[in-house]
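K.L.:
Okay, here's the prediction I keep looking at, along with the sequence it came from:
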Amino acid sequence: MTIKIGETVFFDAGRFCRIGAAIVLLGIAGCSSTNTSGPVPLATDAGPKDTGSFPNLNIKPQVAAPQFTEAERNAKLAELKADENAQGAKVGAANVSNQAALSDLAKKHGPQTLKQIEGKCDPALDPTCK
């Protein structure tokens, strides 16, 4: 009995899936491009060319942009170091004030949370508490 039900359910479902897949593939095959002029010809100047001589490897390649001089490099590095120091000073000052606030929060947060969890709510913390 179980085998017959399994055959009916799975093999019939498989047949419907195969038919559906065939319909989708036929639909996709029907959507061809509108270019019916034939294959696109390849470019004749593509690829390497035989010039009959060996390449000259002694020619320096052209650079994409002018190179930095030592003075320009040092000026850029000094500018970056100044920006780095200015950013570090801002973070250090803010970090000291945040540290005190965070330690104060750590001292208060645990007991407040435990009160709310245990049902001993404080109306100052939770106005909906009764």
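P.N.:
Now that the structure is in, tell me what you want to look at.

K.L.:
Run through the helices of the protein in chain order.
P.N.:
Listed in chain order, the helices of the chain (DSSP state H) span 2-30, 70-118.

K.L.:
Confidence-wise, which of the ones you listed is weakest overall?
P.N.:
Least confident of the helices of the chain, judged by mean pLDDT, is helix 2-30 with a mean of 65.

K.L.:
Quick check: nearest residue in space to Q116, chain neighbours excluded?
P.N.:
Nearest residue to Q116, sequence neighbours excluded (CB to CB, 6 or more residues apart in numbering): D126, at 6.4 Å. C-beta: built from backbone N, CA, C; applies to glycine.

K.L.:
measure the one you found to G119 for me?
P.N.:
Distance, D126 to G119, using CB to CB, to the nearest Å: 11 Å.

K.L.:
One more: I28?
P.N.:
Separation of I28 from G119 (CB to CB) stands at 63 Å.

K.L.:
Repeat that for L57.
P.N.:
Computed as CB to CB, the L57 to G119 distance reads 84 Å.

K.L.:
What count of nearby residues applies to A101?
P.N.:
A total of 9 residues lie near A101 under the criterion other CB atoms under 10 Å.

K.L.:
now Q112
P.N.:
Counted with other CB under 10 Å, residues neighbouring Q112 total 15.

K.L.:
now do K115
P.N.:
So K115, with other CB under 10 Å, has 15 neighbours.

K.L.:
what's the answer for Q116, then?
P.N.:
Residues near Q116, counting by other CB under 10 Å, number 14.

K.L.:
In contact with I59, which residues?
P.N.:
With contact set as CB atoms under 8 Å, 6 or more residues apart in numbering, I59 has no partners.

K.L.:
Can you pull the phi/psi pair for it?
P.N.:
Phi and psi for I59, reported as degrees, to the nearest 10, are phi -80, psi 130.

K.L.:
any idea how far N98 is from G110?
P.N.:
Using CB to CB, N98 is found at 19 Å from G110.

K.L.:
How about A65?
P.N.:
Distance, A65 to G110, using CB to CB: 58 Å.
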